[in-house]
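Undergrad: Build me a structure from this.
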Amino acid sequence: MNPQKEHEARGSDGSVVPRRRAIWYLAGVAALLWLLATGRPPRATLFWIAAYNFGHIPLFGIMAVLLLETSRVLLRGSEMPDGNHYLVAFVVVAALSLLTEFVQIGVAGREAQARDAVNNMIGAGAFLALRAVWDRRRWQSGDELNRRLLFAAAVLVLLLAFFPMITLLWHYGMRAAAFPTLADFDASWQQPFISAPRVDREIVPAPPDWKGRAGRPVVRVTFSPRPWPGVVVREPYPDWSGYSVLRFQIFSGLDSSREIVLWIEDLPHNDLRSDRYEESFEIKPGVNDFTVAFQDLREAPAGREMQLDAVTFLMLFTRRPTDTFDLYFGDVWLE
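TA: Numbers count the residues shown, from 1 in each chain. Coordinates of the predicted model:
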């Protein structure tokens, strides 16, 4: 071997430095950054959005470990303590995290989020801690307790970071258990799937005149003169096959009738008004018990049948009220 090339290939301690490994580590970091830049949730559901967001934790965790090994290779033979390689990896990940969030500002379809940056740091810190746990060079024979404590701390941090995802899965499980009830507006499991644009809602006892439900919890929805106020059920249980009708109840304590519109979409919906189910219902004073035949749902989209095994959206709203009024909502269910 040429003496000059041999000298260049060796570190200051005379050992051969495996620089090719550093190239592979950096290629892995580049691949992870590419995945971050190009990856998109396959569907805009609560689950996939949450999974994508929390995917930052393992992605930046693996990136931190690759950068740790890169630092060890490139700075091998230097006077740097081994612990400083962990610091170098964490600092570089922090810089990359801030950079990736900064470049998303103003980019269509992307959004810079502090939550993502926090997840990035959690992933980097926890994965570096786990790497240190299994790094036998860092531990003496009497350090087993400290090693176990570090492992427990890293696992606890990861569990806490993923707790919102675990909670969301619980909500999905409760949604499945409640089926064929599609909407139970006063139930805690419903909360991730429900929103109330431009209305106020409050859980109250049902009015005394609501026979069969008096005193039980219902939701009082206050409509005011705003465009399209209503209650949205995002991601109702999707598979309605095997049932024949949809039912819902609304109580009105008003002296006159009001209009409520039911809006339902399925997965193939193309965002056109003609491609969904939309029907008006007259809310009379007292109890209103409505039934919607599935035949009407199937035939609602123009030029095709609605897929009742892939329902994605349900909304009850008023068009443009001229005054403020209250209605009481019971459940929405299938029979």
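Undergrad: Pop out the phi and psi values for residue 87.
TA: phi -60, psi -40 (degrees, to the nearest 10).
Undergrad: please renumber so the chain begins at 18
TA: Sure thing, new numbering starts at 18, so read that last one as residue 104.
Undergrad: what sits against the residue nearest to residue 57 when sequence neighbours are not counted?
TA: Leaving aside its sequence neighbours, residue 57 sits nearest to residue 69 (CB to CB, 6 or more residues apart in numbering; 7.6 Å). All C-beta spots, glycine's among them, are computed from the backbone N, C-alpha and C. By CB atoms under 8 Å, 6 or more residues apart in numbering, the residues touching residue 69 are 56-58.
Undergrad: in the helix or strand in which residue 69 is found, what counts as buried?
TA: Following DSSP states H and E, one finds residue 69 within helix 63-71. Neighbour counts over helix 63-71 (16 or more other CB atoms under 10 Å) mark 64, 67, 70-71 as buried.
Undergrad: before we move on, back to that, by neighbours, which of the contacts of residue 69 wins?
TA: residue 58 (14 neighbours; other CB atoms under 10 Å).
Undergrad: quick one: pLDDT of the closest residue to that one other than its chain neighbours?
TA: Nearest residue to residue 58, sequence neighbours excluded (CB to CB, 6+ apart): residue 65, at 3.8 Å. Note for residue 65: predicted pLDDT of 90.
Undergrad: Touching, residue 65 and residue 71? I think so.
TA: No - using CB atoms under 8 Å, residue 65 makes no contact with residue 71, being 10.9 Å away.
Undergrad: so where's the stretch 118-267 of the chain uncertain?
TA: For the stretch 118-267 of the chain, applying pLDDT under 70 flags the ranges 123-129, 158-159.
Undergrad: What sits closest to residue 241 if chain neighbours are left out?
TA: Going by CB to CB, 6+ apart, residue 241 has residue 341 as its nearest residue, at 4.5 Å.
Undergrad: Which stretches in the stretch 18-167 of the chain count as helices?
TA: Ranges of helices within the stretch 18-167 of the chain are 20-25, 36-55, 63-71, 73-91, 99-119, 131-150, 161-195, based on DSSP state H, counting those that start in this stretch.
Undergrad: Packed most tightly, which of these would that be?
TA: helix 73-91 (a mean of 22; mean count of other CB atoms under 10 Å).
Undergrad: which residues touch that one?
TA: For helix 73-91, contacts defined as CB under 8 Å, 6+ apart pick out 34-36, 38-39, 42-43, 45-46, 49-50, 52-53, 99, 102-103, 105-107, 109-110, 113-114, 133, 136-145, 148, 175, 178-179.
Undergrad: Domains in the protein, by residue range?
TA: 20-193, 198-351 (automatic domain parsing).
Undergrad: contacts for stretch 133-140?
TA: Residues outside stretch 133-140 that contact it (CB under 8 Å, 6+ apart) are 70-71, 73-78, 81, 110-111, 114-115, 117-118, 174-175, 178.
Undergrad: Now do residue 53 against residue 66, distance only.
TA: 15 Å (CB to CB, to the nearest Å).
Undergrad: no, scratch that, I was asking about residue 249
TA: From residue 249 to residue 66 the distance is 16 Å (CB to CB).
Undergrad: swap in residue 108?
TA: Counting by CB to CB - residue 108 and residue 66 are separated by 30 Å.
Undergrad: Nearest to the spatial middle of the protein, which residue is it?
TA: residue 67 (2.3 Å; CA atoms, centre = their mean).
Undergrad: residues contacting that residue?
TA: So residue 67 contacts 181-182, 185 (CB under 8 Å, 6+ apart).
Undergrad: Reformat those into a markdown table and put distance to residue 279 next to each item.
TA: Shown next, in a markdown table, are the contacts of residue 67 (distance: CB to CB, whole Å):
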| residue | distance to residue 279 |
| --- | --- |
| 181 | 31 |
| 182 | 32 |
| 185 | 27 |
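Undergrad: Out of those, which is nearest to residue 294?
TA: residue 185 (27.4 Å; CB to CB).
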